[in-house]
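Undergrad: kindly return the folded structure for what I paste below:
(one chain, ligands or ions: 1)
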Amino acid sequence: MSSSTSTLNVDSKSVELAVKDGTIGPSVIDISKLYGQTGMFTYDPGFTSTAACESKITYIDGDAGLLLYRGYPIEQLAEHGDFLETCYLLLYGELPTAAQKADFDYRVTRHTMVHDQMNRFFQGFRRDAHPMAIMVACVGALSAFYHDSTDISDPQQRMIASMRMIAKMPTLAAMAYKYSIGQPFVYPQNDLDYTSNFLRMCFAVPCEEYKVNPVLSRALDRIFILHADHEQNASTSTVRLAGSSGANPFACIAAGIACLWGPAHGGANEAALKMLEEIGTPDRIPMYIAKAKDKSDPFRLMGFGHRVYKNYDPRARIMQKTTHEVLNELGIKDDPLLDVAVELEQIALKDEYFLEKKLYPNIDFYSGITLKAMGFPTSMFTVLFALARTVGWIAQWSEMIEDPSQRIGRPRQLYTGAPQRDYVTVAQRG
Ligand code: CMC
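TA: All right, here's what the predicted structure looks like:
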């Protein structure tokens, strides 16, 4: 893989560093021996120039607005495939044959129920608990229920843990929602497909028959595909770092959920919808654009900008189309939030500030409007993101465990605190 070297001059020393090439995308300079050779670390807060691992799963070209899962463009997967097919692809590296797909669907479906004592776990939460708080706790708690799938050195146990998490995440997410609104939990119904089953667990009640709307189910399934993986983002890196110490898979995914919750990451869909509601009407948009540009104001346009995409987020385009499909299906002709979103996007895309900084709508800009129209409360948006991203986290975690060069993740630092000094007793302190 190493194709050339690069030379770094430090003080009077000259160090040769190997350059490694990937299949596509920027090459990397291998600095793993730099400290030994120079006594210096590299410094890159936020990892803007640092590749933390080698991966074969997802590729993003942020300038071109390109996203590939195992080489396949996101647009093609979202158009032609379903979420479980994407899960298979991310986990195993290839699209499944019909027999492999049927077997995979079957295996996931047979793991959808959670241990009955999980119900009691839920009773401990306040009804107004944020469902992400419940998800962090309950997914972490799975390690206390499934002792037979926590040995990470056993490939069979790793596989069962992966199946369990992909299968149980919709059940737990629906339970978190049902608990918050005081309705009884709805058990999974295994003759439904993955996403229809989830919709039913969220919106069915025992006193009425519930019929899944296939258009909404397909739209949500596509939303899950869009969120399934996104290479080394903050939550995925968190999962990899947690997993690098040998922690069990349920605990690692719980760590990923905790990281995803933040408004700069998965919490942005919730924040974007709240922002659109706060703006309220198109005439107030200029005021918010001015706030976003004002350096003394912490306000940012939520759903805009991305660390990697310096072009339109390809997921945002598909999401925008899905929004219109869902609103049409539900007969929502005029959605004031959609009016604000469309106008805000148009204004921002012509504004010098956003153009110069290459700030384009990201996936979260339109997802909130779609999920709200489907009946999900704002607090569930990030939970749905976590549900879909679970497969990406698992695929990345598995890849790391199987990588022979894997070591515990242990970043270094530039220390700027006090130099060594002697302890002073309280009586002597001025
Ligand atoms: N509104 C206004 N200004 C912005 C925005 C925004 N949404 N995003 C970035 N900027 C400005 C920022 O102030 C900075 O300006 P300057 O160079 O003058 O200081 C410049 O653009 C670069 O921003 P940054 O914070 O250094 O960029 P980053 O790569 O560290 O942050 C981001 C990326 C996504 C956290 C950021 O764009 C942001 O906060 N966006 C809003 C939150 C959001 O929508 N997040 C969802 C991301 S997509 C889903 C996911 O992957 O989780």
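Undergrad: residues of the protein that sit close to the ligand?
TA: Within the chain, the positions lying close to the ligand (C-beta under 6 Å from any ligand atom) are 230, 233, 264-266, 268, 292, 300-307, 357, 359, 362-364. Heads up, the C-betas are built off the backbone N, CA and C, glycines and all.
Undergrad: so what's the residue count around the residue of the chain at minimum distance from the ligand?
TA: The nearest approach of the chain to the ligand comes at G305, 2.4 Å away (C-beta to the nearest ligand atom). With neighbours defined by other C-beta atoms under 10 Å, the count for G305 comes to 20.
Undergrad: what do you get for K350?
TA: For K350, the number of neighbouring residues by other C-beta under 10 Å comes to 9.
Undergrad: buried ones in the longest helix seen in the chain?
TA: Using DSSP state H to define each element, the chain has its longest helix at helix 155-181. Under the neighbour-count criterion of 16 or more other C-beta atoms under 10 Å, helix 155-181 has 157-158, 160-180 buried.
Undergrad: so for that helix, what's the average pLDDT?
TA: Mean pLDDT, helix 155-181: 96.
Undergrad: and what of stretch 190-204?
TA: Stretch 190-204 comes out at a mean pLDDT of 97.
Undergrad: and stretch 222-231, by the same measure?
TA: For stretch 222-231, the per-residue pLDDT averages 97.
Undergrad: can you give me the end-to-end span of that stretch?
TA: End-to-end distance for stretch 222-231, by C-alpha to C-alpha, to the nearest Å: 19 Å.
Undergrad: what does it contact?
TA: 55, 57-60, 67, 69, 74, 77-78, 81-83, 86-87, 90, 195, 236, 308, 315, 318-319, 322, 363, 367, 370-371, 384-385, 387-389, 391-392, 395-396 (C-beta atoms under 8 Å, 6 or more residues apart in numbering).
Undergrad: equivalent analysis for stretch 12-31, please.
TA: For stretch 12-31, the surrounding residues in contact (C-beta under 8 Å, 6+ apart) are 1-9, 33-34, 37-38, 42, 51, 54, 59, 61.
Undergrad: which PyMOL command selects the buried ones in those residues?
TA: The PyMOL selection below is limited to those of the contacts of stretch 12-31 classed as buried (16+ other C-beta under 10 Å):
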select buried, resi 8+34+51+59+61
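Undergrad: out of the contacts of stretch 12-31, which sit inside strands?
TA: Using DSSP state E, S2, S3, S4, T5, S6, T7, L8, N9, Y59, D61 are the members of the contacts of stretch 12-31 that sit in strands.
Undergrad: from those, which is closest to C138?
TA: Y59 (32.4 Å; C-beta to C-beta).
Undergrad: could you list the low-pLDDT ranges of this protein?
TA: 1-3 (pLDDT under 70).
Undergrad: okay, strands next: where are they in it?
TA: For the chain, applying DSSP E gives strands covering 2-10, 13-20, 28-29, 58-61, 66-69, 72-73.
Undergrad: before we move on, back to that, state the pair within the ones in strands among the contacts of stretch 12-31 that is farthest apart.
TA: Greatest spatial distance in the ones in strands among the contacts of stretch 12-31: N9 and Y59, 32.5 Å, computed using C-beta to C-beta.
Undergrad: hang on, the residue of the chain closest to the ligand packs against Y353?
TA: No. Judged on C-beta atoms under 8 Å, G305 makes no contact with Y353 at a distance of 11.2 Å.
Undergrad: which neighbours do these two have in common?
TA: Common neighbours of G305 and Y353, counting by C-beta under 8 Å, 6+ apart, are L359.
Undergrad: and G81, what does it touch?
TA: G81 neighbours (C-beta under 8 Å, 6+ apart): L89, L95, I225.
Undergrad: how near is the residue of the chain closest to the ligand to H265?
TA: Distance, G305 to H265, by C-beta to C-beta, to the nearest Å: 12 Å.
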